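> what would the 3D arrangement of this be:
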Amino acid sequence: MIDSAILEAFFEECEDLLVALSDGLADMRDGNADSETVNAVFRSVHSIKGAAGAFNLDELVGFAHTFETVLDELRANRLSTDDTLLRVLQRAGDILADLVDAARDQVPADRAQVDPALSELQSFLGTSVAEEEEFVFEALTLSIDGPERLGSYLIQFQPGRAFYATGNDPALLISALQDLGPVQVHAETSGLTDDLTSLQWDEGYLTWKVELADQKNDLAIRDVFQFVDDLCDLQVTEIFDNAPAAQIDVTAVLPETPPEIGTLLGQTEEPATIKADKPEKNQKRTASTLRVDPERVDRLINAVGELIINQSVISQRIAEAQLPNSSELHGDLDDYKLLAREIQEGVMAIRAQPVKPLFQRMLRIAREAAEATGKYVDLVTEGEATEVDKIVVERLADPLTHMIRNAIDHGIETSAIRAESGKPSTGTLRLTASQRSGSIVIEIIDDGAGLNRARIKETAVTKGLVAADALLSEQEIDHLLFAPGFSTAKEVTNLSGRGVGMDVVKTAITALGGRVAISSVKGKGTTFSITLPLTLAVMDGMIIHVGGQTMVVPIASILETIRPAKADLSQIGLHNHLLRIRGEYVPIIDLAERLGVSPCSDALTDRVLLLIQTEVAGQCALAVDDILDQRQVVVKSMQGSYGEIAGISGATILGDGKIALIIDPDAISAPPTSDLKSHLQTQRDFAHAAT
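Presented below is the predicted three-dimensional model:
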């Protein structure tokens with residue numbers, strides 16, 4: 001019975017190995033197919049295969065074995081890194097990730113995907129896999145000369161039957177030790193017999209002794225044997241002396257080994273002592289990581305949220321006590337606030353992770369979409385190190401998948417059409433991530449034909465989404481793409497045509513407290529921008545009063561606050577007003593009116609305007625009754641209890657124990673719709689209950 005904790009550790013390790021594999025394949029695709037890169041890719045595949053064999057994951061082991069055999073041919077310079085081979089290797093990397101997922105989910109592998117990829121790999125070998133797996137024995141006389149002992153550590157291991165049965169190879173372990181520092185190798189052959197016909201392929205006859213120098217501790221060594229230490233008799237002993245060692249002559253019967261292993265074992269033209277090319281690899285191997293159960297992190301985040309609420313309560317109590325500013329209690333409270341913020345940022349950093357794994361997953365989506373449409377597309381990623389809350393990263397996968405597919409299917413033209421337009425035959429799709437004002441911004445940028453707004457409006461009219469005589473701006477036409485059931489595809493394909501893709505995108509991003517914006521230039525391309533909070537738990541907000549209710553506006557959306565003079569205001573029509581600021585006019589949105597409550601004063605000069613930046617309406621001003629404070633608030637979701645409420649993104653608990661609604665600036669600044677009006681009564685009821 002396999003320990004589930006050990007199996008889970010294996011799959012977590014596979015995630016890191018698959019990232020390293022993807023990085024190496026990307027470097028090879030970019031023209032950096034040097035021996036170090038190829039070896040790194042090979043080691044990733046071999047590590048997955050060796051560990052999978054220990055858990056009897058036969059399908060994963062079989063595919064990885066063929067994969068690494070092709071890579072071994074590449075390492076030996078018997079294959080060249082042309083476009084065809086790189087494409088097959090990329091595809092094999094995708095299938096390997098699928099097999100890991102299938103093993104984790106305990107479901108059968110999709111042979112319709114695996115078998116073609118396996119056949120493509122085998123086509124580069126020239127012989128059948130069965131022939132490749134046959135051991136070719138020859139007698140080798142190995143002479144290992146060393147003027148002195150290398151010191152540091154002596155590694156002695158004797159592989160057992162299970163070691164070979166799971167597809168492991170001592171030569172590859174020795175090669176990995178070689179990467180750590182100078183080595184000397186001795187093969188103990190006392191277990192061999194003169195009768196070669198009696199040898200069993202999966203029996204361990206040799207004991208390997210490897211002296212490894214320049215090691216501060218044995219952590220990196222044991223990392224090499226991490227997945228095979230229970231499959232062989234392993235001893236790692238520290239060497240304290242530096243006494244000279246006599247010449248070692250070894251005569252052994254060995255299987256053929258990779259070229260660098262022959263060098264490692266002491267060919268006459270190469271010295272037996274081999275220096276590691278990059279000593280810093282040892283530092284990378286010994287870097288420690290701590291894996292923590294996500295539930296524990298969630299509990300810690302909830303505790304920090306309660307700490308911040310408690311800090312607000314104490315602040316409220318001190319304010320009510322009207323203590324003098326000279327009181328030491330104010331200084332202690334300021335220290336408490338700083339400490340609470342520092343703890344909150346530290347806890348958020350635990351949950352934060354780079355978007356790199358997500359972007360690498362999108363590389364595969366782009367390749368599959370390009371292949372399905374017969375188009376040539378390069379996907380360029382930027383800002384992969386940008387960190388964001390783990391939950392945000394996980395929930396972004398589906399929206400980005402839809403957007404990548406749509407960009408390739410609808411945005412980027414075929415090679416023939418691009419040639420007619422004077423564009424390169426290969427389209428470019430850019431996926432970028434960056435942090436701006438406490439938010440993460442992800443952009444999907446294509447250099448395609450841009451949005452066909454006339455066709456979009458025509459389709460919307462046909463589907464009854466808008467009236468035929470409706471006067472729509474370019475921005476309003478663009479946002480029709482997010483309407484439920486909208487699709488301009490003439491045929492239903494695996495990629496599009498069902499009218500659910502962009503609707504899913506908008507729904508998923510809105511549920512994360514984010515927003516989507518579209519910018520398109522005909523003939524030049526289209527940009528989709530997704531703006532999301534860095535974390536879903538805590539945010540900085542401005543506490544305001546609207547119609548007798550206390551609410552919160554995210555600080556990230558506020559550019560400045562204004563007490564307008566009469567000369568700064570202009571009226572359009574009966575109820576619409578504009579704010580003149582620095583020579584420009586921006587629309588004023590009465591937040592009380594939009595929410596269906598009565599403001600404290602009808603005169604805008606008696607109220608405060610919040611100049612905000614939105615994706616839908618650009619800059620606009622929110623008219624509120626008053627500003628109370630600026631503080632950190634803990635975001636509580638309302639989806640489970642009240643469903644989606646237009647204009648409201650969540651709620652929080654203030655220091656006085658009252659509930660305050662959190663305004664969604666983008667939704668509240670959008671033109672009023674029937675959907676928004678239908679929610680007004682719900683908001684009134686909730687606001688009444690909150691008081």
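
> what ranges do the strands span in the stretch 451-600 of the chain?
Taking DSSP state E, counting those that start in this stretch as the criterion, the stretch 451-600 of the chain contains strands spanning 515-521, 525-533, 538-546, 549-554, 558-562, 569-572, 576-581, 584-590.

> okay, now the unreliable bits of the stretch 551-691 of the chain?
Confidence mapping of the stretch 551-691 of the chain against pLDDT under 70 gives the ranges 615-617, 639-641, 643-644, 671-691.

> all helices of it, in order?
Using DSSP state H, counting those that start in this stretch, the helices of the stretch 551-691 of the chain run over 591-595, 639-642, 665-669, 674-690.

> return the set of buried residues in stretch 48-57.
Within stretch 48-57, the residues that count as buried by 16 or more other C-beta atoms under 10 Å are Ile48, Lys49, Gly50, Ala51, Ala52, Gly53, Ala54, Phe55, Leu57. The way it works is simple: take the backbone N, C-alpha and C, and place the C-beta from them, glycine included.

> report how many residues lie close to the residue nearest to the fifth one when sequence neighbours are not counted.
The shortest distance from Ala52 to any non-neighbouring residue, by C-beta to C-beta, 6 or more residues apart in numbering, is to Leu60 (4.3 Å). As a burial measure, the neighbour count of Leu60 was computed by other C-beta atoms under 10 Å and equals 23.

> go on, the one 4 residues further on?
Neighbours of Ala64 under the rule other C-beta under 10 Å: 27.

> restrict whichever strand or helix holds it to CA atoms and write it as PDB.
Using DSSP states H and E, Ala64 sits within helix 58-75. What follows is helix 58-75, C-alpha atoms only, in PDB (Å, rounded to 0.1, in the frame of the first residue of the first chain):
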ATOM      1  CA  ASP A  58       3.500   2.000 -16.000                       C
ATOM      2  CA  GLU A  59       2.000   4.300 -18.700                       C
ATOM      3  CA  LEU A  60       3.900   7.300 -17.400                       C
ATOM      4  CA  VAL A  61       7.100   5.200 -17.200                       C
ATOM      5  CA  GLY A  62       6.800   3.800 -20.700                       C
ATOM      6  CA  PHE A  63       6.200   7.200 -22.400                       C
ATOM      7  CA  ALA A  64       8.900   8.900 -20.400                       C
ATOM      8  CA  HIS A  65      11.400   6.100 -21.300                       C
ATOM      9  CA  THR A  66      10.800   6.700 -25.100                       C
ATOM     10  CA  PHE A  67      11.000  10.500 -24.500                       C
ATOM     11  CA  GLU A  68      14.300  10.300 -22.700                       C
ATOM     12  CA  THR A  69      15.700   7.900 -25.300                       C
ATOM     13  CA  VAL A  70      15.100  10.500 -28.000                       C
ATOM     14  CA  LEU A  71      16.700  13.100 -25.800                       C
ATOM     15  CA  ASP A  72      19.700  10.800 -25.200                       C
ATOM     16  CA  GLU A  73      20.100  10.500 -29.000                       C
ATOM     17  CA  LEU A  74      20.100  14.300 -29.100                       C
ATOM     18  CA  ARG A  75      22.700  14.500 -26.300                       C
END
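
> on that earlier part again, in TSV: the strands of the stretch 451-600 of the chain, plus distance to Ala416 and mean neighbour count.
Formatted as TSV, those follow (distance: least, C-beta to C-beta, whole Å; neighbours: other C-beta atoms under 10 Å):
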stretch	distance to Ala416	mean neighbour count
strand 515-521	22	19
strand 525-533	18	22
strand 538-546	49	21
strand 549-554	47	23
strand 558-562	46	14
strand 569-572	49	12
strand 576-581	49	17
strand 584-590	45	17
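
> out of these, flag the one nearest Gly167.
Of all the strands of the stretch 451-600 of the chain, the one in closest proximity to Gly167, counting by C-beta to C-beta, is strand 525-533 (42.9 Å).

> residues in contact with the residue nearest to Ala52?
Leu60 makes contact with Ile48, Lys49, Ala52, Leu96, Leu99, Val100, Ala103, according to C-beta atoms under 8 Å, 6 or more residues apart in numbering.

> can you map out the helices along the stretch 301-450 of the chain?
Listed from the start of the chain, the stretch 301-450 of the chain has helices (DSSP H, counting those that start in this stretch) covering 328-351, 356-373, 390-406, 415-420.

> between these, which one is nearest to Ala20?
Comparing the helices of the stretch 301-450 of the chain by their distance to Ala20 (C-beta to C-beta), the top pick is helix 356-373, with 10.7 Å.

> give me the residues contacting that closest one.
Residues external to helix 356-373 that are found in contact with it (C-beta under 8 Å, 6+ apart): 15, 19, 22, 26, 90-91, 94, 97, 376-377, 379, 381, 384-385, 393, 396-397, 400-401, 404-405, 408-409, 429, 431, 433, 493-495.

> report the buried members of those.
Among these, those classed as buried by neighbour count (16+ other C-beta under 10 Å) are 22, 26, 90-91, 94, 97, 377, 379, 381, 384, 393, 396, 400-401, 404-405, 408-409, 429, 431, 433, 495.

> any idea of the mean pLDDT for whichever strand or helix holds Ala220?
Remark: Ala220 resides in helix 219-224, with elements defined by DSSP H and E. pLDDT averaged over helix 219-224 equals 84, rounded to a whole number.

> which SSE is immediately downstream of that helix?
Counting by DSSP H and E, the element after helix 219-224 in chain order, helix or strand, is strand 232-239.

> sorry, back to before: which of the buried residues of stretch 48-57 fall within helices?
Among the buried residues of stretch 48-57, the ones falling in helices (DSSP state H) are Ile48, Lys49, Gly50, Ala51, Ala52, Gly53, Ala54.

> how far away is Gln630 from Thr381?
Distance from Gln630 to Thr381, counting by C-beta to C-beta, to the nearest Å: 36 Å.

> what of Ile544?
Between Ile544 and Thr381 the computed distance is 39 Å (C-beta to C-beta).

> where does the stretch 201-350 of the chain dip in pLDDT?
Looking along the stretch 201-350 of the chain with the criterion set at pLDDT under 70, you get 201-202, 240-291.

> what about 50?
242-287 (pLDDT under 50).

> end-to-end on stretch 373-381?
Distance between the boundary residues of stretch 373-381 (C-alpha to C-alpha, to the nearest Å) amounts to 21 Å.

> oh, I was asking about stretch 593-605
Across its full length, stretch 593-605 reaches 16 Å between end residues, using C-alpha to C-alpha.

> in that stretch, which residues are buried?
Taking 16+ other C-beta under 10 Å as the basis for neighbour counts, the residues of stretch 593-605 that come out buried are Arg594, Leu595, Gly596, Val597, Pro599, Leu604.

> for those, work out which two are farthest apart.
Among the buried residues of stretch 593-605, the pair separated by the greatest distance (C-beta to C-beta) is Gly596 and Leu604, at 18.7 Å.

> one step back: which of the ones in helices among the buried residues of stretch 48-57 has the weakest pLDDT?
When those are compared, Ala54 shows the smallest pLDDT, 70.

> isn't that residue up against Thr166?
Yes: judged on C-beta atoms under 8 Å, Ala54 makes contact with Thr166 at a distance of 5.6 Å.

> list residues touching both of those two?
Both Ala54 and Thr166 are in contact with Leu231, where contact means C-beta under 8 Å, 6+ apart.
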